[in-house]
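Novice: Predicted model, plus sequence, below.
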Amino acid sequence: MRGSLAWGLAAGALALGGCKDEEPSGDAGGTGDEAGVTTSGSGGVDGESSGGSSGPGIDPAPPTWYQDIAPTMVAKCGGCHRPGGIAPFSLTDYESAAPYALASAIAVENHDMPPFAADDTAECEMNHGWKDDLRLSDEETLALRAWADALAPEGDAETAAPVAQPPSVDLTTVDQHLQLQEAVTIAGGVNDQFLCFSLDPGLTEDRYLQAMQIVPGNEKIVHHVLIYVDAEGESATAAGEDGWFECSGGSIGGDLIGAWAPGAVPSRTPEGAGMLVPAGARLVMNVHYHPSTVGDETDATTAIDIDWLDEVPVWRAQYALVGNGDGLVAGPNDENGIEFRIPPGVTDHTETMLVTLPSDLPELRLWSVGSHMHYVGVDMLIGVQRETSPGPDQECLLHTPYYSFEWQRLYTYDHTLDDAIRLAGGDKLYMRCIYDNTLGNAGVAEALGQQGFDEPIEVRLGEETLDEMCLGVYGIAFPNLF
């Protein structure tokens, strides 16, 4: 995904979506004092009693599944870890979760799970919370560790704490499903391919999209997906009878209204806002295929699900991509002037960009933000230095200190558009990316192995898997003047 060199508020502006903004049903559960309850358990994983033990290092009244752990585990993990979910095992009932007690505690402590890379840090004290925040509190994390150390006592089902339904990771209302016209075969090898598929939503009048989910057909080869609006429908000619044409990973023109990358979940615009798709427009699905190194693979089912608004919204929403070398400043390992270059063997290489928004840009409302790098990236911070918009002179917008390419999403602020963060022309967006280009970075080791390398190589800015990016993703809204 390549960043825009300018912001736009009409056709031709870059935009990015494709990450969850779905409201979980029911109470979030498992937070605050609830996680600190220590009711005696009735049995552990192996049927051992843990409630009355007073041995060295053993809590005589450890947390139990029914009284303490289930509300947290179901609310924060059950969206994926459920029967029939995308995760390989369930964590929604005691029998399923108990064998994974220690693994779950370690994953949470290491920030590997839940897949929510945003956090409040010494560098980034947030002024706003997040919708669908999957982070465990300190109390919840300690309770999970105590439960695992006590051999996962079950507790009393008769006095179980309330458990909310897990949040859905699927789009709950689908008005339209659009899929590849014909299957495509991606030859095995090392060269990435970019194919664009022209999809016809059949609109006879302007419509506004309020939610979208992109469903990758073959995740062995689908690296990421971008959805653009082709307002004039010209992509149909380029696509021909097969329904696709070769393209690049950059902008193909038109608003970008959706995206999928590993870990992405449905995207939803704020209340009262929608993304415009005009009458007669087609949607272009730009798919980045990363071929298998062991043979050919076929993709027949990559698709998009759409939830349309039934009315014309007051606010028009879209996404803007900023970064990827725009506003690049001098870095610690530059050799030929200012350059985007990550040498091999460096664990804490940084690339920094400071982008001044166009002076004629009106005041915007910021409702979501995301970070995007590839396998070498491990940490990204995004902020704003204000010159014209109301708000603090400097404000952190997002810090993802636990970034992983395998788990990407947009982070949606927990506020209405009336209370949203403001941006305007003259303000400066700050993006700092940190990279670990060593074999100690599991993502680097995996990406190198896929390409037949056994040692890190120099990495530059680019589209392919062994290239890198430093890209900020901004969900913006402005008055819809109809």
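Specialist: Arrived safely, thanks for sending.

Novice: partner strands of the lowest-mean-pLDDT helix or strand in the chain, parallel or antiparallel?
Specialist: Sorting the helices and strands of the chain by mean pLDDT, DSSP states H and E puts strand 256-260 at the bottom, at a mean of 81. Strand 256-260 sits in its sheet next to strand 222-230 (antiparallel), going by DSSP bridges.

Novice: Run the chain-centre distance for the partner strand.
Specialist: For strand 222-230, the gap between its own C-alpha mean and the chain's C-alpha mean amounts to 15 Å (CA atoms, centre = their mean, to the nearest Å).

Novice: Dump the C-alpha coordinates for the helix or strand just after it into PDB.
Specialist: Next along the chain after strand 222-230, taking DSSP states H and E as the criterion, comes helix 235-239. What follows is helix 235-239, C-alpha atoms only, in PDB (Å, rounded to 0.1, in the frame of the first residue of the first chain):
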ATOM      1  CA  SER A 235     -12.100  -0.300 -15.500                       C
ATOM      2  CA  ALA A 236     -14.600  -2.700 -17.200                       C
ATOM      3  CA  THR A 237     -12.800  -2.100 -20.600                       C
ATOM      4  CA  ALA A 238      -9.400  -2.700 -19.100                       C
ATOM      5  CA  ALA A 239     -10.500  -5.800 -17.400                       C
END
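
Novice: Show me what the next helix or strand after the least confident helix or strand of the chain is packed against.
Specialist: Downstream of strand 256-260, the next assigned helix or strand under DSSP H and E is strand 267-268. On a contact count with 3 or more CB pairs under 8 Å, 6 or more residues apart in numbering; DSSP states H and E, strand 267-268 meets strand 207-215. Every C-beta, even on glycine, is put in place using the N, C-alpha and C of the backbone.

Novice: pretty sure G425 contacts P358?
Specialist: Yes: G425 is in contact with P358 according to CB atoms under 8 Å; the separation is 5.4 Å.

Novice: per-domain residue ranges of this protein.
Specialist: Domain ranges of the chain: 32-116+132-159, 176-479, per automatic domain parsing.

Novice: for this structure, what spans make up the helices?
Specialist: Counting by DSSP state H, one finds helices in the chain at the ranges 70-77, 94-97, 101-109, 138-149, 235-239, 442-450.

Novice: and the domains of the chain, which one is worst for confidence?
Specialist: Among the domains of the chain, domain 32-116+132-159 carries the lowest mean pLDDT, a mean of 80.

Novice: How about the contacts made by the closest residue to A117 other than its chain neighbours?
Specialist: Leaving out its chain neighbours, the residue that sits closest to A117 by CB to CB, 6 or more residues apart in numbering is T400, at 4.0 Å. Contact analysis of T400 by CB atoms under 8 Å, 6 or more residues apart in numbering lists A117, A118, D119, S371, D379, M380, L381.

Novice: surely A317 meets A273?
Specialist: Yes: A317 lies in contact with A273 (CB under 8 Å); the separation is 4.1 Å.

Novice: Touching both of the two, which residues are there?
Specialist: Shared contacts of A317 and A273 (CB under 8 Å, 6+ apart): W367, A477.

Novice: quick one, which of the two is more surrounded?
Specialist: A317 (29 against 24; other CB atoms under 10 Å).

Novice: Let me see the contact set for I306.
Specialist: Here I306 is in contact with V174, D175, Q176, H177, L178, P201, L209, A211, M212 (CB under 8 Å, 6+ apart).

Novice: Neighbours of Q179, how many?
Specialist: Close neighbours of Q179, defined as other CB under 10 Å, add up to 15.
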